[in-house]
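[1] Sharing a model that was predicted from the sequence below.
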Amino acid sequence: MLVSIIIPALNEEASIKKLLQQLQPYRKQGHEVMVVDGGSRDRTVSISKSLADKVISSEAGRAVQMNKGAEQATAEVLWFLHADTVVPDNGIEKIQFSLNQSQANWGRFNIRLSGSQFLFRLIEKMMNLRSCITGIVTGDQGIFVKKTVFNEVNGFSNLPLMEDIDLSKKLKRYSSPVCVTEKLTTSSRRWEKNGILTTVLLMWRLRFLYWLGVSADKLARQYK
């Protein structure tokens, strides 16, 4: 069961090299590493060229970029990662084992926020518990899915925000997600820049409004 790892990127020179270096052993095993660039003005593309199997140019927009990567992916399973992610050493092995040993068609990893403050430990525990109970997964959690099923649900909807939640709802029609307990580490820079509690309350508010039916376009403007 080979995996295509799809990384949407936009001006990620500060973090993408670390992730791509982590993924080199998987390339040697026959897995595919793809960077889909949304028009970076820094060294993201030049850094990626020697460390990825494909570097694809795309319009900016995470959903658009990930769909474009999925179109050109050759493996049976798609694994979507953010550029500032740190993956566990056995990440693909866990994906293979999880999909082989269950009836699930998709899944996600537990998440760890990079910040050292105690409040981050509480936030990540709540995020992991919530997503396992509800089956709603965020992009930070490294969504993986069988390509056939991804194609059947027409991939990510072209939304400027909440594209991961929308995909989760579509995939739940096929199966609940596998909750892999190994942790991906994701940057807490957004939380630290804007304030931890402020960011938590903002995300709760946006998700509640999305649940009420407010359009993703309006929510994206509020998020920015």
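    Looks like it arrived, so ask away.
[2] Can you list phi and psi of residue 80 for me?
    phi -100, psi 120 (degrees, to the nearest 10).
[3] if I look at residue 185, how far off is residue 131?
    Residue 185 sits 16 Å away from residue 131, going by C-beta to C-beta, to the nearest Å. The C-beta positions use only the backbone N, C-alpha and C, and glycine is treated the same way.
[4] now do residue 3
    21 Å.
[5] ok, those two, which is more surrounded?
    residue 3 (24 against 20; other C-beta atoms under 10 Å).
[6] hey, what's the more buried one bridged with?
    residue 77 (DSSP bridges).
[7] Repeat that for residue 8.
    Following DSSP bridges, residue 8 is listed with bridge partners residue 36.
[8] what's around it, how many residues?
    Residue 8 has 27 nearby residues by other C-beta under 10 Å.
[9] and what of residue 103?
    9.
[10] for the residue nearest the centre of the chain, what are its contacts?
    Geometric centre of the chain, nearest residue: residue 139, 3.2 Å, by C-alpha atoms, centre = their mean. Counting by C-beta atoms under 8 Å, 6 or more residues apart in numbering, residue 139 touches 62, 80, 82, 163, 164.
[11] Make TSV out of those residues and add secondary structure.
    What follows is those, written out as TSV (DSSP: H, G, I helix; E, B strand; the rest coil):
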residue	secondary structure
62	helix
80	strand
82	coil
163	helix
164	helix
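[12] and those, which are buried?
    Neighbour-count burial within these applies to 62, 80, 82, 163, 164; the criterion is 16 or more other C-beta atoms under 10 Å.
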